[in-house]
Structures are given as structure tokens and as C-alpha cells.
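Undergrad: Show me how the following folds:
(chains A and B)
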Amino acid sequence: MITLEQKKFQEIEKMTKGYNPLLVLGCETCAAMSFAGGQRQVAELASAIRVARKTTEQKGEVLEDAVARQCEPEFVDLIADKVGGCDAVLSIACGAGVQLLAERFQDKVILPGCNTTFLGVTEELGVWSERCAGCGNCILDKTAGLCPIARCSKQLLNGPCGGSMNGKCEISKEVDCVWQLIIDRLTRLNRLEMLEEIFPVKDWSPAGHGGPRKMVREDLKS
Amino acid sequence: MTRNDLITEIEHPPCKLACPILTDVREYVQLIAERRYEEAFATIRKQSPLPRVCGRICTHPCETACKRGQVDEPIAIAALKRFASDGLWRDQYEAALPGKSTGHKVAVVGSGPAGLAAAHDLALLGHGVTIFEALPVLGGMLRVGVPEYRLPKNVVDEEIQAILDLGVEVKTGVRIGEEIKLTDLFEQGYKAVFMGIGAHRDRKLHIAGEDKLEGVVSAVSFLRGVNQAEKPRVGVKVAVIGGGNTAIDSARSALRLGAEGVHIVYRRSREEMPAAKEEIEEAAHEGVQMSYLTSPLEILGRDGKVSALKCIKNELGEPDDSGRRSPKPVPGSEFTFDVDMVIAAIGQAPDSSLVAEEIEVTEKRKRIIVDGPYTLVTTQPGVFAGGDAVTGPATVVEAISAGKRAAISIDSYLRGESPATVESAGPTETERLSSVIIEKTTKFERCVKTSLPADNRVKGFDEVEAVLSEDVAVKEALRCLHCFLGARLDKEKCISCLTCVRVCPLSIPTTSKMGEITIDPIACQACGMCALECPVRAIDISLDHRGEMSQEIEKGMAESHQPDPVIVGFFDLHGNFGSSDVESLKQDYPNILPVMVFGLRKIDTSDILKAFESGADGVFLAGCPPDTDPFAETADRVKRRMTHARTLLDAMGIDGARLEVCDMPEQGIVDKELIDGLIQRIKEAGQARSE
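TA: Got it, this is the predicted structure:
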């Protein structure tokens, strides 16, 4: 899933100032699962903005709504009328959702209520961690299913570096050295010899370094 | 479809399904827990015309079915019913009377629980009802069978009066079949007759000495005497033969009338004994001796009076037609013991001889024959029958049920409609909880009923059991596990985020590998964690409906015109406080709007913000002490949620200190110092900010 977190309230309050009515729009998939943009957070954030506006004697109605995914035009178009009646939309979705809104509603102010963080997994309720960097060229077959691009601080392909201490990364005692984990796992799998193959210099063009990425499936597109 | 599918489909809690009259047990237990006693009584009264009688002598199949019984002990439902029904509010109950009369007259023969229930429901359906009673007093077995110490007569009188107040007429001392035949009733203008004549004829022992010796009495006539002002004389050593409630009533009454020793002689073992378990225990507690696996062979006499009882010991053989193991005499085990009175309590049959010419009765036990348990039509057109007269001796609630069913059937008949055919659901069986849920469920001891000490009891016929006190009743009601009041998942909204699976303290929600979530509605105990944490609000719970709570706050705030800072106070109903504590809170702090919830788990940050949005200057959350919290393990999560709320309030420019979270004191509802401190802080910060 894409993880995201709500921006600090002060930042949200500042960027939404003066918009009347303001629509707080949730996204019921990744944003909801990150407890940043589902209906529950829509209710909380909208209420908080209303109370804050009341406290500082600002006028302005705050509306609430949510769609299944803000990254799909069909869902977004279903709330066109409501958006039409608003000054601005505070989207609490990932950056993709915010941008699709901006694309579909050309003459509306669209504001981001969240920071998109990473592609990750749920470790437990309320704890997420990064697992994938979306580099466009997966090498997990060679690294025991553990990604050095997403999880090594230096994105080393032939690690570990000299900063690996007792299985932890030199940047923090809280961060596992993924290369240590790779070695441990390959040892368990009895495949340690795989590390004898040296990774060549990585081609970063599928990772976005070759410009904005786009994917087309000829068999599916209209 | 299995039985459990049926329960799940109907979604009636097991207690309600087990009740022959489908009393909404869960609802009134809930209302008692919320200290809404008048509404609890109204809920009971809606189904039962004899709530105070049922609260005392019902055999409470609801308790047998109660899910809590699988965890520790069932809720003391009957005692709660009595608590709700004995209160001062009972006189204020007003039944919804029918708008107009149908013009039909119905005769109800017999004024026991079946007849009274039929009369009550027929009157509410708009029919003119006359009760014909053979005895000079009303109530049937409630008056002449059940002894005063279990069911005070003034209770019976008051309940009957409430039924008569619906416009029901009464003719006592009239035995239908004697001078007035059933057919005569139709000539007198009655369009239908309900026969609820009960079973008032004792079955005979058929042993030597039974008919010729002085000191041998039948239980029905003995108890009839017991229930009169002039009490019958009893022997010094009394043997009561039989194992049903009548036998126990006779034995306990004999003790009260001065017998020095009372023996119950029962042919099977304690396990097969049909009397209610509590009754057997109470009798033993009062000093009644039990001789199990013993059958009487002969009553011996001297000078025409009973002198001894000759018995034989039994052992248990193969199960008989009733499913109970049948007693087999052990050869050579005969013995004799001295008694000077023998009470025969081996069952009763209807006294149907007077009407047997007009309606068909069974050959052996003389029970009135009906075509089915819901139509209750006899062989004579227009005549219906139910209760003990049809089934043989049964329980008061079964008799009430028969009366109610008869009223529906008679009503259809009078309207010329075919009787409603209802498929009997059969006996209920509560779904078994998994061992994991049983283990994880917090145990709370069942209330102990207050009763007279045994020494005092046998001196007279004072009622043995006292009504529960308010505190005890509320605490008992809070033990309810809320079958079917818990999480409801809207599958269309669900995004399979697994939050419910992760937060449930009882591990009830489960997921398929494709993310389809299932929440067992009968296992769920309505703690509310999943409903609150669900990020897309796909779950709601019926107990503390989210929408209702925010409406309550908005309404309360709109009505509040207090000069002092206005505070919304959320109070956990599981605290040790009484109605008087709530009243004094309202008096001492009119500026606090109390919102009662089953657990602070159900309060989200958005609810707190909603309170501020509605104009509150502060919010107060008072949780119950940990030992009364059924989900104490969630307390930490609630605290962390409140920390999040405070941080947000600070960020919003509303001082987070305006939100106070605390535990209630051991007794009472609030710690005044904390509230005063909160009010002080709000005043200092300036209450006008949220205006």
C-alpha cells in the first residue's frame, strides 16, 4: 500500500484559510488504511477546522465527503457537483489523488492535506515501514527477497558498507542493516554463494531518472 | 437450515428466543443497566400481563439460554425482572388501549395465568371479555397453589386488578359445565370460549392405605388450604411424595406449619427431579430431607391414622418415553419409616369431567384435546383451550404463552380469518462460544439475592426473597454480553483494512484471504473498539449508536443556557454510581451535559471536537474503575487516543487542558476536585473563545 500521513494541523489551517465553502475530501483506500484520509479522519479534520475557524472568528463552511479512490477519474467525477459548489478542496489522499483532482477540476483550488510517505507494509496496527522504492527494475530474486534499494540508507547493491554494526545501520540504532538481513537470510536458505555475483552499475532510468514515467498496455487501452 | 442459522437469521438474542412469550429480555436488561427503569418495566409489560408474578416464580428458561452462562453464570434475569416490575413506576404504566370495541364477547373459563393472559390480550384487541372462575377467588394456581412465601397474594391481586382495569368482567363461583354448559355460553351471546381450567386434580398414588387412612392428603388440596387464612394442620413427621415444584411447595409449607421433620420421597435421582434447581436448594436449606431413588409401596396405619410409610429403593435403568432414566426397584431393599402425614404430589390432571361431554379430552390424563399449539382449537367450534388443561402441569410462563396464543387464534376466528399458522421454532439452543472467547471474556460474579435466614423463614409465610437493590440490579444488568447488539459491518463500505481484526479484544472478526471480513453477531460483546477505529466508518454498533450520541450532544448543547463554562461529560455506565449520584451531579453542576456510554472506548477524537463545535468550553471523560470494566485491556488505547486529541486541540489553538480524562472514584460518579480544576482552567483560559 501507499502510506501517507496527515500534515500538521497548523499547516492545513493556514493553507485552507479563507476558502468558503471548503470541502474536505477523503480517499477510502490507501489513505484510509494509513489512518490519514478515510471517513473517520475526514470527520475529525473537518470538525477541527470548523472549531479552529470559530475560535478565531473566521467565517466559512466546511463540508465533508469521500470517494473510494481519488486516483480514478470515474470516482472523482461522481463528486463534480459538490466540488463545483466549493471554493477549494482539501484532498486528504496521496499526491496522485490531489493531482487527479486538479486535472479533473481545472478551475478549482485543490489543496493537499497529507504527505505521501512510501510504499510499505503494515507491521502492526499503527506501524508501517517502507519496503519498495518503485525503482522499476526488481532485483529481489538476487537479494533473498529483501530490497537494498528501499531499505539500505545508501541504496548499495554490493553491501554491506563499513557502517554496519551488530546488524544495525550507522544512521540509527533503530534501523536494521538490510545487507545483514540479506546475508542472514541467504545463509538460512543455503544460498550465500549468490553474493559472489557482483551487481553491475544500476540503470536508474526505469526509476524515474529518465523523466516522468508512464505505462501503456496496448491490449487494454481504448 | 440449522438451529443456529435460524437464530442468526432472526437475530433475536437467546434469552428472548428461550422465553415462551418472547419477552425482550435483552432490552429490559439493557435499560436497567442504563438506569432507565420505567422503560424497562414497559418493555416487560408489553409482553407479559403478569410481570411481578413472573419475576418471582418463572422458571426462567432465558437464564438457561443466557450466553453469559457459558462464561461464568447467567444473568439473574428473573431477579432483574422483579426489580424492574416491583418499582414505584409500575402504577404509572399505561397499556395502549384499543381505539374501539369489536363488539364481540368472549368467555374465558378459569382465571389462572392462561386465562388471565388470554383475557388481557383479548381485551387489548378490543373484545369484551368475561372471566368465569369456579373458585371464590381469582388467580387459579397463582392464588391457591403457589404458597405465599414465594408469591405474596397482594402481588397476585394487584396484577389481576391491572388486567380487570382493561374492562374485563369477572364471575366467580361459577363452574362451567355444572349449571352453565359450554353451549349455554354461546346462547348468552359469547362468540368464543377459552378454556384455561388448569390441572387441579391430583393423580393418585395407587398404593395400599391411600384411601382409608386419616393423614393422607393430595398436594393440591393441601396447598389450597395453605393458601387460605385458616391453615391446615400438619403432622409431626411428614412425607411428601413426588419431585416436582408442587412437592417442594408442599414440603416447605409443611415445615412452616410446624412439622418437625419433612421428607421428600422421589423415585429417581436429583438429576431427573423436575422441580426447579433453586427450589430444591432452598428446601434443603430450610431443612427438608430428600430421599432420592425411593418409591412408596404402602402407607401403614394405626387406629385409622397414618403411622408409617413403607418404601423400596430404586436404581436407574434405561431411559423411558420422557428421556429420563426409569427407576427399577432393588429387590430386598424395602424399608419403613415413621410418619404421621403423607402428601401425594405426583402430578395433576385437569378437572375436565364436567365439560367432557362437550369437548374431547384424552383418555388417560383427561387433558383437553386441541388441534395445534398455535390454533388451540378444541373439538367444539368456537371453543379454544390452553395451559395446564391441555399440556398437563407446566410453568406459569408456558400458561401465559398459551393464553396469548389463544387470544391471537380467537381474534382471527372472530374476524372470520383463518388462524395464523406459525411454525414452532422448537426449543432454543444457544450457540456455543469458542473457548478463546470464553477465556478472554472478563468474569463478573452473579449477584447474590438477599433472602430471609432459614430459621426465620420456617416461622411463617413471609416472602423469602427480597427484591434486588438498585446498585445490585444495575451491576447485574451490566454483566449482559449484548448478543446481537454488537458490530454490524457494512460490506459495501469495508475496505478490508483489517483494523477490526487487529483491535478486537476477543478476536471475533475474521478475514478470508480475499479480505472478506466476518463478524459473528452473537459472539460480539459490543465493546465498540472496531466501530470506533474503523477508518472508513463501515462498522456501527447497536449499543451506543454513534449517530444517536452526536445528536444527544447537539440537542443538549442547544438547550443549555448556563452562565458557567459548559462542559460535555462522557460517563462510563460501568462505574459504581447510583441514580442519586447522577441527580446530585446535575444539581451541583448544571453546566455539565452528561452523556452516558457503555465504555469510553466509544469516544473518538471527532466526538470531542463535535462537543467543542456544538459550543462546549470543555470536555470531561470519566471512565469506570478498572475492576468494573469488562474490557480493561483497552484502557491504555483510550488514553493514547485522548493524548492525540489533546495534541490536536493544542494545534487548533484550543488549550488541550480543556479536555480532562480520569477514572471515576471507587464509589460515586465524579471526583469534584477534578471537575472544579477543569472549570477553573477553562475560566482562566477564557470561556468566550468557543462562543
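
Undergrad: and residue 32, what is it in contact with?
TA: Using chain A. If a contact means CB atoms under 8 Å, 6 or more residues apart in numbering or on different chains, then A:Ala32 has A:26, A:38-41, B:495, B:497, B:535-536 as its contacts. (C-beta placed from N, C-alpha, C; glycine too.)

Undergrad: Chain B is the one I meant
TA: Neighbours of B:Ile32 in contact, by CB under 8 Å, 6+ apart: B:40, B:80, B:83-84, B:473-474, B:477.

Undergrad: Tell me the one among these nearest to chain A.
TA: Comparing those against chain A with CB to the nearest CB places B:Ala477 closest, at 30.9 Å.

Undergrad: Give me the phi and psi for that closest one.
TA: Backbone geometry at B:Ala477, expressed as degrees, to the nearest 10, gives phi -60, psi -30.

Undergrad: right, and it touches B:Ala76 too?
TA: No. Counting by CB atoms under 8 Å, B:Ala477 does not reach B:Ala76; the two are 9.2 Å apart.

Undergrad: List the buried residues for stretch B:461-477?
TA: Buried residues in stretch B:461-477, counted by 16 or more other CB atoms under 10 Å in any protein chain shown: B:461, B:463-465, B:467-468, B:470, B:472-477.

Undergrad: Can you give the domain ranges for the chain?
TA: As the question left the chain open, I've gone with chain A. Annotated domains of chain A cover A:2-118, A:133-204 [automatic domain parsing].

Undergrad: My question was about chain B, not that one.
TA: Listed by automatic domain parsing, the domain ranges of chain B are B:3-94+B:426-477, B:105-200+B:350-414, B:201-348, B:487-541, B:550-690.

Undergrad: and these, which is most packed in?
TA: Of all these, domain B:105-200+B:350-414 has the most neighbours on average by mean count of other CB atoms under 10 Å in any protein chain shown, namely a mean of 21.

Undergrad: which residue sits closest to the closest residue to chain A within the stretch 51-200 of chain B, ignoring its sequence neighbours?
TA: The nearest approach of the stretch 51-200 of chain B to chain A comes at B:Val71, 26.3 Å away (CB to the nearest CB). Nearest residue to B:Val71 in three dimensions, chain neighbours excluded: B:Thr441, at 4.7 Å (CB to CB, 6 or more residues apart in numbering or on different chains).

Undergrad: Which pLDDT does the model give the one you found?
TA: The model reports B:Thr441 with a pLDDT of 96.

Undergrad: Quick check: it touching B:Ile508?
TA: No. Counting by CB under 8 Å, B:Thr441 does not reach B:Ile508; the two are 11.0 Å apart.

Undergrad: all strands for chain A, in order.
TA: A:2-6, A:22-27, A:62-67, A:88-92, A:109-112, A:114-124, A:127-132 (DSSP state E).

Undergrad: quick one: the closest residue to B:Thr634 other than its chain neighbours and B:Val638, what's the gap?
TA: Closest residue in space to B:Thr634, ignoring its immediate chain neighbours: B:Arg601 at 5.1 Å, by CB to CB, 6+ apart. Per CB to CB, to the nearest Å, B:Arg601 is found 6 Å from B:Val638.

Undergrad: Please apply the same query to A:Asp81.
TA: 39 Å.

Undergrad: Who are the contact partners of A:Gln39?
TA: A:26, A:28, A:32, A:64, A:66, B:535-537.

Undergrad: Distance to A:Lys202 and pLDDT added to those, as JSON lines?
TA: Below are the contacts of A:Gln39 laid out as JSON lines (distance: CB to CB, whole Å; pLDDT from 0 to 100):
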{"residue": "A:Gly26", "distance to A:Lys202": "38", "pLDDT": "97"}
{"residue": "A:Glu28", "distance to A:Lys202": "36", "pLDDT": "96"}
{"residue": "A:Ala32", "distance to A:Lys202": "34", "pLDDT": "97"}
{"residue": "A:Glu64", "distance to A:Lys202": "45", "pLDDT": "97"}
{"residue": "A:Ala66", "distance to A:Lys202": "39", "pLDDT": "97"}
{"residue": "B:Pro535", "distance to A:Lys202": "37", "pLDDT": "96"}
{"residue": "B:Val536", "distance to A:Lys202": "39", "pLDDT": "96"}
{"residue": "B:Arg537", "distance to A:Lys202": "44", "pLDDT": "94"}
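
Undergrad: and which of the residues you listed is nearest to B:Val129?
TA: Lowest distance from B:Val129 to the contacts of A:Gln39 (CB to CB) belongs to B:Arg537, with 51.4 Å.

Undergrad: ok, which stretches of chain A are helices?
TA: For chain A, helices defined by DSSP state H occupy the ranges A:9-16, A:30-33, A:39-55, A:73-77, A:80-84, A:95-104, A:148-151, A:178-189.

Undergrad: out of the ones you listed, which comes closest to B:Ser451?
TA: Among the helices of chain A, the nearest to B:Ser451 by CB to CB is helix A:39-55 (50.4 Å).

Undergrad: Any buried residues in the closest one, and which?
TA: The neighbour-count check on helix A:39-55 (16+ other CB under 10 Å) flags A:39-54 as buried.

Undergrad: quick one: contacts for the closest residue to B:Gly258 other than its chain neighbours?
TA: Closest residue in space to B:Gly258, ignoring its immediate chain neighbours: B:Val234 at 6.1 Å, by CB to CB, 6+ apart. Taking CB under 8 Å, 6+ apart, we find B:Val234 in contact with B:254, B:257-259, B:341.

Undergrad: B:Val234: which element?
TA: Under the criterion DSSP states H and E, no helix or strand holds B:Val234.

Undergrad: And the residue in the stretch 351-500 of chain B positioned nearest to chain A, what's its pLDDT?
TA: Using CB to the nearest CB, B:Cys497 is the residue of the stretch 351-500 of chain B that sits closest to chain A, at 4.5 Å. On pLDDT, B:Cys497 comes in at 96.

Undergrad: Looks like it contacts B:Ile539 (just checking).
TA: No. Using CB under 8 Å as the test, B:Cys497 is too far from B:Ile539 to be in contact (11.1 Å).

Undergrad: Can you report how many residues lie near B:Pro98?
TA: Look at B:Pro98: counted by other CB atoms under 10 Å in any protein chain shown, it has 14 neighbours.

Undergrad: Please apply the same query to the one 4 residues further on.
TA: B:Thr102 is surrounded by 16 other residues when neighbours are defined as other CB under 10 Å.

Undergrad: How much space separates the closest residue to it other than its chain neighbours from B:Gly287?
TA: Distances taken as CB to CB, 6+ apart place B:Gly126 nearest to B:Thr102, at 4.4 Å, with adjacent residues excluded. Look at B:Gly126 and B:Gly287: by CB to CB, they are 52 Å apart.

Undergrad: just B:Glu470 next, same as before
TA: Taken as CB to CB, the span from B:Glu470 to B:Gly287 is 33 Å.

Undergrad: Write out the residues of chain A neighbouring chain B.
TA: A:8-10, A:13, A:28-29, A:32-33, A:35, A:38-41, A:43-44, A:47-48, A:50-52, A:54-56, A:66, A:122, A:124-125 (CB under 8 Å from any CB of the partner chain).

Undergrad: That's all I had, so thanks and see you.
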